[in-house]
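*Asks:* here is a sequence together with a model predicted from it:
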Amino acid sequence: MTQSPFSASAAIHAGFDTFKENSSYCLIFLLSVEIVSLVAAGCLSMNTCLAIELLTQLDSLPPETFVCLFVAYFLFLRCLMNVIVCKVFLLLAEGKKVTVDDVLGFDVPYHLPLLLRYLAGSLVFLGWGLLGTLCFVLPGIFLTAELRFYKFLVTDRDADSIQSLKESWELCGSSKGELVTFNILTGLLKLAGLACLVIGVVPATAVCVLSEVHAYRTLTRTTP
């Protein structure tokens, strides 16, 4: 039996260690991402509703219009922010210094193809995860465990959406069992953060993403 080059517990420990070294930065950064996404989505939705009212000469739009616009804008903005989060956390996990330009110098028009690939990959990943979960839960755990590295392959290697999911699957190799354990551990960690008056979700998310980066780097080093 081929021994796995990846250890779930080692990845979690590495995530905790990196978080402890950069805890203040991680917390401020992730909180800022959420606040900016929510505020920007709200402002864009409100302005769009006002524009529609002016163009159609309606007194007011149904509340559902604002909700639908807010969700659409928020998902797009979170997609954009997730790409930046991946890039920043890849740097942090490698012990590199994160500059202001890494966070604020993201050229959206230039990176639009990357954003679209990330969004497409995310939709396919979510679809497979939901389908697997509906099939008695366990298939969903296995599928998300083996496809979860698509986001790093898109942002780090500039892979397209389908290629990134395929490469993520291939990266697993003999580590499938450990990755399922890793998937369960990170899920429990996020649940624990949620139980800590919700605010614990932010540090839990930071640890989970940093652990994912460690897992991704470990697997890409050991896979031809």
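*Replies:* Everything's here; your move.
*Asks:* residues of stretch 158-167 that come out buried?
*Replies:* 159-161, 163-165, 167 (16 or more other CB atoms under 10 Å). C-betas here are computed from N, CA, C, even on glycine.
*Asks:* nearest to Glu146 among those residues?
*Replies:* Among the buried residues of stretch 158-167, Leu165 lies closest to Glu146 (CB to CB), at 9.3 Å.
*Asks:* wait, isn't the closest one in contact with Leu123?
*Replies:* No - the pair Leu165 and Leu123 does not pass the contact test of CB atoms under 8 Å, sitting 10.8 Å apart.
*Asks:* so where do the helices sit in this protein?
*Replies:* 8-21, 23-56, 63-93, 100-104, 112-134, 138-147, 150-157, 161-172, 176-195, 201-222 (DSSP state H).
*Asks:* as CSV, the buried residues of stretch 158-167 with pLDDT would be great.
*Replies:* Formatted as CSV, these follow (pLDDT from 0 to 100):
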residue, pLDDT
Ala159, 85
Asp160, 86
Ser161, 84
Gln163, 89
Ser164, 89
Leu165, 87
Glu167, 89
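*Asks:* just flag the most distant two among the residues you listed.
*Replies:* Ser161 and Glu167 (11.1 Å).
*Asks:* quick check: neighbours shared by those two?
*Replies:* Residues touching both Ser161 and Glu167 (CB atoms under 8 Å, 6 or more residues apart in numbering) are Tyr150.
*Asks:* still on that earlier bit, quick check, nearest of the buried residues of stretch 158-167 to Ile184?
*Replies:* Checking these against Ile184 by CB to CB gives Leu165 as the nearest, at 20.8 Å.
*Asks:* look at the residue lying closest to the closest one once chain neighbours are set aside and report its pLDDT.
*Replies:* Nearest residue to Leu165, sequence neighbours excluded (CB to CB, 6 or more residues apart in numbering): Tyr150, at 4.8 Å. As predicted, Tyr150 sits at a pLDDT of 90.
*Asks:* hmm, Tyr150 is touching Ile162, no?
*Replies:* No - Tyr150 lies out of contact with Ile162 (CB under 8 Å); the separation is 9.3 Å.
*Asks:* mutual contacts of the two, please.
*Replies:* Residues touching both Tyr150 and Ile162 (CB under 8 Å, 6+ apart) are Gly121.
*Asks:* residues contacting the most centrally placed residue in the chain?
*Replies:* Most central residue of the chain, judged by C-alpha distance to the mean C-alpha position with CA atoms, centre = their mean, is Asn82 at 5.2 Å. Neighbour list for Asn82: 118, 122, 151 [criterion: CB under 8 Å, 6+ apart].
*Asks:* one step back: pick out the shakiest of the helices of the chain, pLDDT-wise.
*Replies:* Sorting the helices of the chain by mean pLDDT places helix 100-104 lowest, at a mean of 72.
*Asks:* what is that one packed up against?
*Replies:* Where contact means 3 or more CB pairs under 8 Å, 6 or more residues apart in numbering; DSSP states H and E, helix 100-104 is packed against helix 63-93.
*Asks:* for the helix it packs on, which residues meet the burial criterion?
*Replies:* 69-70, 73-74, 76-90, 92-93.
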